[in-house]
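**Student:** Here is a sequence together with a model predicted from it:
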Amino acid sequence: MTLPHTADLIIEAWGGDEAACAEEAACALIEICVTGEPDPVSGFTIKNIHAGRSRDLIEAVLDEVLFELDTSDLAPVAAQLEPLADRGFELRLAQAPRDAVAQTGAAPKAIVMLALEPNERDRTVRCRFIVDV
């Protein structure tokens, strides 16, 4: 879900736990920036993420997506987060050549976390963040 915000965009994502919420947040960030299909030749960018707190995990995932959107010759078009044996996570960003994707919005410059809300009643975790464009 997106909410209006002056000159920026607020994204809210949710999932069954912090990792699922982080994955949904990453996919939402990618979706507001580019659209395209993964390229089998380009493959994936893989990052290992270790975070102590739930909020740190979501911020670390969003920072990696933002970094790839800003610096890579390839564009991330999908994100997947897998747990590792050492309680860390592997972030897999499916890539596509820049000329094979369509830019769907202004280039993001920064992420500002607004809220992280575990909800025990419906067993979800929600996060809300500003995408500074």
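**Tutor:** Ah, there it is.

**Student:** show me the residues around the closest residue in space to residue 78 that isn't next to it in sequence that make contact.
**Tutor:** Among residues not flanking residue 78 along the chain, residue 94 sits closest, at 4.0 Å (C-beta to C-beta, 6 or more residues apart in numbering). Every residue, glycine included, has its C-beta placed from N, CA and C. Neighbouring residues of residue 94 by C-beta atoms under 8 Å, 6 or more residues apart in numbering: 38, 43, 44, 76, 77, 78, 79, 80.

**Student:** what do you get for residue 62?
**Tutor:** Counted by C-beta under 8 Å, 6+ apart, residue 62 has contacts 22, 25, 26, 29, 111, 129.

**Student:** quick one: average confidence on the longest helix seen in the chain?
**Tutor:** What stands out as the longest helix in the chain, according to DSSP state H, is helix 54-71. The pLDDT scores in helix 54-71 average 91.

**Student:** Tell me how far the spatially most central residue of the chain lies from residue 121.
**Tutor:** Nearest to the mean C-alpha position of the chain, counting by C-alpha atoms, centre = their mean, stands residue 26 at 1.4 Å. Distance, residue 26 to residue 121, by C-beta to C-beta, to the nearest Å: 25 Å.

**Student:** before we move on, what about residue 130?
**Tutor:** 26 Å.

**Student:** out of these two, which sits in the busier spot?
**Tutor:** residue 130 (18 against 5; other C-beta atoms under 10 Å).

**Student:** Would you double-check that that one falls in a helix?
**Tutor:** No: Residue 130 sits outside any helix when classified using DSSP: H, G, I helix; E, B strand; the rest coil, being strand.
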